[in-house]
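Q: Coordinates for the following, if possible.
(one chain, ligands or ions: 1)
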Amino acid sequence: MTAEVPSDAGSSGAAHKLQNLKKIFNPKSVAIVGASSEPGKIGYQILNNVIQNGFKGKVYPINKKAPEILGVKCYPNLAECPTDVDFAVIAVPAPMVEGVLKECGEKKVKGAVIITSGFSEIGRKKEEQALKDIADKYDIALFGPNTFGFVYTPSNLNASFGPQNVSPGKVAFISQSGALGISLMGWTMMEKIGLAAVVSLGNKVDIGEKELIEYFNDDPNVRVILIYMEGIKDGRQFMTTKVKKPIVIIKSGTSTRGAQAAASHTGSLSGSDSIYSAAFNQLGMIRTRTFSQAFATASILSLPEPKGEDTLIITNGGGIGVNATDECEEFGVKLIDDQTWLEEKFRPSMPEYGSTKNPIDVTGGGGKEGYKKAVRVALAEDRIHAVVVLYCETAVLDPVDVAKLIIDEYNAVKRNKPLIVTMVGGERSRQAIQTLNENQIPAMAEVRQAAIGLKALYNWKDISSRSKEKVKIPEAPAKALEVIERVRKEGRTFLLEHESREVLEACGVPMPKWGFATTADEAAGMAEKSQMYPVAMKIASVDIIHKSDVGGVILNIKNAEEMRAKFFQMMETVKKNAPKAKILGVNLCQMVDGVQCIVGMNKDPQFGPAVMFGMGGVLVEILKDVSFRIVPFSEGDAQRLVGEIKAKKLLDGYRGQGAHKESIIKTLMAVQKIAEHVKEVDINPLITNVAGSYAVDARIII
Ligand code: COA
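A: Take a look at the predicted model:
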């Protein structure tokens, strides 16, 4: 999962900064520079939050005039604070920030959060870079500028101007957007979803997602990381992030307009959305589209690791049970279906008319006792690896009572396996959901959210094992570089088909039988000798791009006689249609049958070279059924890439069709080798059948 590409992640400077983050989140002393006695000011709110949240360390409000604020003694500057200062919040107007940051450096402050706006987001990049230079010079880990601060519940520290009383939990929420971060903080509090941290990243001049993820990787108080992201400044550096804990990500800017808004909002560029998806996929990050899904998934991922994937559903209503079955099927959540065993285990705890088919239906008449018994059996049985409890609100059973009995049963078995609850109903159901969340049992109003989250939990084991996969920077073979260099020297920006074939073949791309000939006799002899028939013949000319438009493609040539005749016919037609074109000869290629795929490579401005795989031929235009991986990627990534496309059934062997996946994967790995040396590669189609895969057409742009 972690690419061995050059990065500053391992440099001692970056390692120091990670050390400093520890001081920021667990400081012994905090200074608030710009603390004010005016309740309307941000500097007042931050100081108030630090005090009200019960932070146990020393608090130093820095204010030039006031002797004390909110009962806490003030100091006119950092230098006069009586002890070391681990961490400073800076909330002074923009022109003062640089000076204050230098004061932090002189005081040997380890970390700082700059709340102040008015830097790169409004074009003041130079002023922002000056802050980065100071932070590097004094080895300060710097958040912001343009942030709302952060909250870290394990040390009771609320160094933000967001809401107070964030519930403790295991999820660290990192937000690139300030306003959205604050509002989502409020929303999690209303839903009683617990958080270990809320961090506003702002303009990310120093600390960004990568550094924070790597810090939280080793923080025992954090089990899951949830990120709201608008854009990444350095995609290639982001790809070196070490992922050790589940990461849920909401990336906005998927629409063209959204991307423009995101770019102007944070001063960062938003790359193409499918490349972002590829990057998240490759790193094992789980992308969700909605905020509520993101928080539901994150809460589910905080649950104990399941021992297998056999899921049991308990319900009091048939309708919601069917809905749950549909959702589980859609997202690949496996339901345990050993009917004899289920009947034996659950019948004693059910009314006669209840169903022991999974979903176990205790029915509306089952009451509190019915739920209690079924939940108890489900938690006790090792064959059941995860439990989903559904509840439809009825007048005979109070949802809050159901929530309480679930909490008691779950705690009694020390939360031994994943347990998720979905409750559908009115105000009491909502309260019950909040009660469950407060007790760190993921609860929600939509079964779909539970199914998506549970699948993510099951997948995590596989994702976490990917860190063992080796990713090497692929090396280009000398032969390939020689051809590319020759073309470059000729002043061309594209390779001819036979040159593209030479390069790709040297890299290890599987080819059909092929050749390049300048005369009819040479073509016939070559095809005869290598038993190439039936053959496709294509004109070779630097001046002709669309070969078929000028009569430069003839398919299915069956023997030497036909080859000679078609050669002369092609020369004549092409000369008539493109009289000025300099003709170099013809490309010959054996005709192959099979499933048409496409393999390509192009360069993303943020992530660099990305390899694409999908369904080829006409389908590539219509269905756009393609997926990407960022170079460099592992063989495991190449395998997952092939498994990601919608038409993967065709490759698994549908109605007599078949594919040779090993050679597709070999092709994807081979294309990586020249990714750094060329601009674009297009193998369309790569035809695959049970015997192998073949690059039937190839084009390289340099
Ligand atoms: N050292 C110590 N205190 C200083 C100082 C310095 N070098 N320079 C200024 N101060 C004090 C001021 O005297 C003032 O205290 P007072 O109220 O007792 O006079 C306090 O710091 C704040 O300065 P002030 O000039 O009143 O600014 P402000 O509070 O109106 O605004 C910011 C300051 C940082 C809040 C404002 O510039 C800003 O950036 N707001 C946007 C923040 C934001 O939205 N961030 C992104 C969130 S997502």
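
Q: Report the central residue of this structure.
A: Nearest to the mean C-alpha position of the chain, by CA atoms, centre = their mean, lies F280 at 2.1 Å.

Q: Does that one touch R287 like I think?
A: Yes. With contacts defined as CB atoms under 8 Å, F280 counts as touching R287 at a distance of 4.9 Å. Any C-beta I mention is one placed from the backbone N, CA and C, and that applies to glycine too.

Q: what is in contact with those two at once?
A: Counting by CB atoms under 8 Å, 6 or more residues apart in numbering, the residues touching both F280 and R287 are 249, 251.

Q: Could you find the closest non-adjacent residue to the residue in the chain that the ligand sits nearest to?
A: Nearest residue of the chain to the ligand: G178, at 1.8 Å (CB to the nearest ligand atom). The shortest distance from G178 to any residue other than its chain neighbours is 4.7 Å, reached at F148 (CB to CB, 6 or more residues apart in numbering).

Q: After the lowest-mean-pLDDT helix or strand in the chain, which helix or strand is next?
A: Taking mean pLDDT, DSSP states H and E as the measure, the chain has helix 256-266 as its least confident helix or strand, at a mean of 49. For helix 256-266, the succeeding helix or strand toward the C-terminus, using DSSP states H and E, is helix 273-283.

Q: and that following helix, what does it pack onto?
A: Secondary structure elements in contact with helix 273-283, counted by 3 or more CB pairs under 8 Å, 6 or more residues apart in numbering; DSSP states H and E, are helix 235-238, strand 247-251, strand 286-287, strand 626-630, helix 635-644.

Q: mind putting these in CSV, distance to the ligand, mean neighbour count and mean pLDDT included?
A: Converted to CSV, the helices and strands packed on helix 273-283 look like this (distance: least, CB to the nearest ligand atom, whole Å; neighbours: other CB atoms under 10 Å; pLDDT from 0 to 100):
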stretch, distance to the ligand, mean neighbour count, mean pLDDT
helix 235-238, 22, 20, 92
strand 247-251, 17, 24, 94
strand 286-287, 24, 22, 96
strand 626-630, 30, 23, 92
helix 635-644, 36, 18, 94
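
Q: Out of these, which is closest to A456?
A: Closest to A456 of the helices and strands packed on helix 273-283 is strand 286-287 (CB to CB; 5.0 Å).

Q: Report all helices and strands that the following helix or strand past that closest one contacts.
A: Secondary structure here is assigned by DSSP H and E; on that basis, the next helix or strand after strand 286-287 toward the C-terminus is helix 291-301. Helices and strands touching helix 291-301, as assessed by 3+ CB pairs under 8 Å, 6+ apart, comprise strand 168-175, helix 178-191, strand 224-229, strand 247-251, helix 447-465.

Q: Pull out the buried positions in helix 291-301.
A: By neighbour count, and taking 16 or more other CB atoms under 10 Å as the criterion, the buried residues in helix 291-301 are 291, 293-301.

Q: How about stretch 687-697?
A: Neighbour counts using 16+ other CB under 10 Å place 687-689, 692-697 of stretch 687-697 among the buried residues.

Q: Send me it as PDB with only the CA atoms.
A: What follows is stretch 687-697, C-alpha atoms only, in PDB (Å, rounded to 0.1, in the frame of the first residue of the first chain):
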ATOM      1  CA  ILE A 687      -7.700  -8.400 -26.800                       C
ATOM      2  CA  THR A 688      -7.900 -11.100 -24.200                       C
ATOM      3  CA  ASN A 689      -9.100 -14.700 -24.500                       C
ATOM      4  CA  VAL A 690      -8.400 -17.900 -22.500                       C
ATOM      5  CA  ALA A 691      -5.000 -18.400 -24.200                       C
ATOM      6  CA  GLY A 692      -3.600 -14.900 -23.500                       C
ATOM      7  CA  SER A 693      -3.900 -11.200 -24.100                       C
ATOM      8  CA  TYR A 694      -2.600  -9.300 -27.100                       C
ATOM      9  CA  ALA A 695      -1.900  -5.600 -27.700                       C
ATOM     10  CA  VAL A 696      -3.600  -5.300 -31.000                       C
ATOM     11  CA  ASP A 697      -3.100  -1.600 -31.400                       C
END
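
Q: what does it contact?
A: Under the criterion CB under 8 Å, 6+ apart, external residues in contact with stretch 687-697 comprise 497, 501, 504, 509-512, 536, 589-590, 592-597, 599, 651, 653, 657-660, 663-664, 666-667, 682-686.

Q: So the residue nearest to the centre of the chain versus D273, what's the distance?
A: 11 Å (CB to CB, to the nearest Å).

Q: Those residues of this structure touching the ligand, which are they?
A: 33-34, 36-38, 41-43, 62-66, 91-94, 96, 100, 115-118, 146-148, 178, 200 (CB under 6 Å from any ligand atom).

Q: if we go to 5 Å?
A: Counting by CB under 5 Å from any ligand atom, the residues of the chain close to the ligand are 34, 36, 38, 41-43, 62, 91-93, 96, 116-117, 146, 148, 178.

Q: Now do the contacts for D604.
A: By CB under 8 Å, 6+ apart, the contact set of D604 is 235, 271-272, 275, 610, 630.

Q: Quick check on it: phi, psi?
A: Geometry field for D604 lists phi and psi as phi -90, psi 140, criterion degrees, to the nearest 10.
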